[in-house]
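# Sequence first, then the predicted structure:
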Amino acid sequence: MSRISQYLSAEHYQCDTLFAEAESAVAEARWEQATPLYGEFRIETEQHFRREEEVLFPAFEQATGLVGGPTEFMRGEHSQMRRLLSRLDHALSSRNAEQFLGEAETLLTLMQQHNLKEENVLYRLAGQALAGETDDLLEKMQALEAQA
Amino acid sequence: MIPIGLSFQQAPPISVPFRFFLTAPLFLLAAAALLFAQGPDLMASRHSAAALAATHLLTLGFTSMIMCGALLQLLPVLGGVPLAHPVRVAWLVHAPLVAGTICLAMAFMSGHALFFHLALGFLSMAFGCFGLWLVGALRKIREGGASIQGMRAALAALTVTVAFGLILAAARSGGLAIPYVPLSALHPLWGLGGWTTLLILGLAYQLIPMFQLTAHYPVRMTSRLIPALFLLLTGKTLGAFVPGSAGQALSIAASLGLVAGNLWFAAVTWQLLSRRRRKVPDTTLQFWRLGIGLLALSACMALLPELMDDGLPESWLLMLGVCVLPGFILCVIQGMLYKIVPFLTWFHLQSAYPGLGIVPNVRDIHARFHADRQLALLAVAIATLAASSWFPQLARVAGLLWMIHAAWLEINVLQAAHIFRRVHRVARMRTAH
């Protein structure tokens, strides 16, 4: 597994853990804990999207010439997830557990099949195509974290 | 370096998997109706005409039907390979699979050679088209994970199963003299222990950690178990044809290995599920738990015939068959189906009409299934069917329970299809205005 793939796959794992904790807190009506947990999940997820959209995808498109292909489809799924995240924001602020759990389950399924496509295909291809630029790309991705 | 035509926009239209998912419960219903109609006669022997008809309605009409539909949907996602001509492939597999299953059930019940010949033709076409598509798709996947390895092994096992099945059908219709007894044991072994189980293993490696947020399966399992099980099935097959004690020893050793391998998978899966990071209740998880429990039970039960010189009562073997097919396999498949169907319904609607506020989420769709109550019914239906192996007077009750279960499953998939059509219609009306 390439280092780019390792770095971004580890972020998927981290986001999943935060998601599961926030979801459990809402299911058990622990709203005081749910709010910061969800907040952390939201920030981590958005940072992950930005690392891909602002660093990985443009580099991949430039190296392979594949513009409007898999990266474009991944951006589309990010938009779908962002729409679900705003519905989750609303459910959390109005403390509507039923709506939150419904949107959360939908997001989880979408997120997991999205991660699968990235980890099985896109990251592998990116690891090959961008082998010479790995250090530079990882540095740029980490810099985004510092800015956030 | 980059596969030509790589695109993630390869999910086939929803009609492709749904035609399989909508048809499969009808065959389960037909098998249950046959059990209800025939009652104790069907449970007299695994080789009675009605038992063979019901078994093939299940294995071809239900299990293979859903597995073909699920693979047409999942392979593009798991492997990143676009599905060329998805609707055409779906037609070429689905229609002959339906016709072939019906003909084969009628062939067993009537004994007419014509039905056997028709079944041979239709099923060869269905599995031939499916196999060719799958070979083509798997060849395009350059780096296969354990799931892809599982699909390759499952496809090879399907080929062996179909080949043995075709020979048996030709023999039964009177055209071929063959060693019937070993083949009639090896055909279900490759079908259930090979094609179905290897595919379930491969999918579980990917889907269990993904949807239940568990740890990954250990690498020593994902890299070795599927090839090992395949080799053991081959060893068992060779053992059946090698004369004398050498053949017998090979057969017993292979059986012990198969039992150990399946128990290992069951134990690891159970452990992963009990340590999952996601704590919110999920009924699909309970279908898996019941299925995995039945797999472990079946593996232990399968040990006994190997250790007994003189064979076991037919009731024991019937009960083993019940624990494997309507038990383990059906539970796991239904668990997967209840995850896939609501998601596909939501995903296709959401992708087509992103701004529309009336698309129900997957939990809303799933809630209509009343899956927890259905799981309880399924457990009772399995237990009653297993008990009717020993007490055949229970067979009609078991048939009735399975008819209710099958009808309920069909209604649930129909509900998802209905939601899809309704939202689609409303969305089109809104865009027209």
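Yep, that arrived. Predicted model, so just to flag it, every value in this text is computed and none were measured.
# Verify the contact between B:Ile365 and B:Ile419 for me.
Yes. Using CB atoms under 8 Å, B:Ile365 is in contact with B:Ile419, at 6.1 Å. C-beta coordinates here come from the backbone N, C-alpha and C atoms, glycine included.
# and the closest residue to chain B within chain A, which of the three is it?
Scanning chain A for the residue nearest chain B gives A:Val121, at 3.4 Å (criterion: CB to the nearest CB). What DSSP: H, G, I helix; E, B strand; the rest coil gives for A:Val121 is helix.
# Spatially, what comes nearest to it if we skip its sequence neighbours?
B:Gly80 (3.4 Å; CB to CB, 6 or more residues apart in numbering or on different chains).
# And B:Ala215, by the same measure?
B:Leu272 (6.1 Å).
# which stretch of helix or strand covers the one you found?
Assigned by DSSP states H and E, B:Leu272 belongs to helix B:244-274.
# Give the helix, strand or coil label for B:Gly355.
B:Gly355 ends up coil, using three-state DSSP.
# How many neighbouring residues does it have?
Neighbours of B:Gly355 under the rule other CB atoms under 10 Å in any protein chain shown: 7.
# give me the element the residue lying closest to A:Trp31 once chain neighbours are set aside is part of.
Counting by CB to CB, 6+ apart, A:Arg95 is the residue found nearest to A:Trp31 once chain neighbours are left out, at 5.8 Å. For A:Arg95, there is no host helix or strand (DSSP H and E).
# Relative to A:Glu40, how far out is B:Val413?
Distance from B:Val413 to A:Glu40, counting by CB to CB, to the nearest Å: 38 Å.
# which of these two has more neighbours?
For B:Val413 versus A:Glu40, neighbours defined as other CB under 10 Å are more numerous around B:Val413 (20 against 15).
# Just the buried positions in stretch A:92-99, please.
Neighbour-count burial for stretch A:92-99 flags A:Leu92, A:Ala97, A:Gln99 (criterion: 16 or more other CB atoms under 10 Å in any protein chain shown).
# same deal with stretch B:285-303?
Result for stretch B:285-303 [16+ other CB under 10 Å]: buried residues B:285-299, B:301-302.
# Please work out which residues outside it touch it.
Stretch B:285-303 is contacted from outside by B:208, B:212, B:255-256, B:258-259, B:262-263, B:265-267, B:269-270, B:273, B:276, B:316, B:319-320, B:323-324, B:327-332, B:334-335, B:338, B:371-372, B:375, B:378-379, B:382, using CB atoms under 8 Å, 6 or more residues apart in numbering or on different chains.
# Give me the buried subset of the residues you listed.
B:208, B:212, B:255, B:258-259, B:262-263, B:265-266, B:269-270, B:273, B:276, B:316, B:319-320, B:323-324, B:327-332, B:334-335, B:338, B:371, B:375, B:378-379, B:382.
# Not counting residues beside it along the chain, what's closest to B:Gln334?
Using CB to CB, 6+ apart, the closest residue to B:Gln334 is B:Phe287 (5.3 Å).
# which secondary structure element contains that neighbour?
With DSSP H and E as the criterion, B:Phe287 is inside helix B:283-307.
# Could you list the residues in contact with the helix or strand following that helix?
Next along the chain after helix B:283-307, taking DSSP H and E as the criterion, comes helix B:314-322. Helix B:314-322 is contacted from outside by B:43-46, B:55, B:188, B:298, B:301-302, B:304-305, B:382, B:385-386, B:389-390, using CB under 8 Å, 6+ apart.
# and the residue nearest the centre of chain A, what is it in contact with?
The residue lying closest to the centre of chain A (CA atoms, centre = their mean) is A:Thr45, at 4.2 Å. Taking CB under 8 Å, 6+ apart as the criterion, A:Thr45 is in contact with A:Cys15, A:Met81, A:Leu85.
# need the contact list for B:Gly202.
B:Ala146, B:Ser147, B:Ile148, B:Gln149, B:Gly150, B:Met151, B:Ala153, B:Ala154, B:Ile226.
# tell me which element the fifth one falls in.
I take that to be B:Gly150. helix B:146-172.
# Follow the chain on from that helix and name the next helix or strand.
Past helix B:146-172, the next helix or strand by DSSP H and E is helix B:180-188.
# Just the buried residues of that next one, please?
Buried positions in helix B:180-188, judged by neighbour count with 16+ other CB under 10 Å: B:Pro182, B:Leu183, B:Ser184, B:Leu186, B:His187, B:Pro188.
# nearest to chain A, of these?
B:Pro188 (32.6 Å).
# I'd like to know which residues of the stretch 51-200 of chain B are adjacent to chain A.
B:Val77, B:Leu78, B:Gly79, B:Gly80, B:Glu143, B:Gly145 (CB under 8 Å from any CB of the partner chain).
# Which of the residues you listed fall in helices?
Of these, the ones assigned to helices by DSSP state H are B:Val77, B:Leu78, B:Gly79.
# any weak-confidence spans in the stretch 151-300 of chain B?
Counting by pLDDT under 70, the stretch 151-300 of chain B has low-confidence residues at B:175-176, B:180.
# how about 90 then?
B:166-167, B:169-185, B:206-207, B:210-212, B:240-244, B:247-248, B:279-282 (pLDDT under 90).
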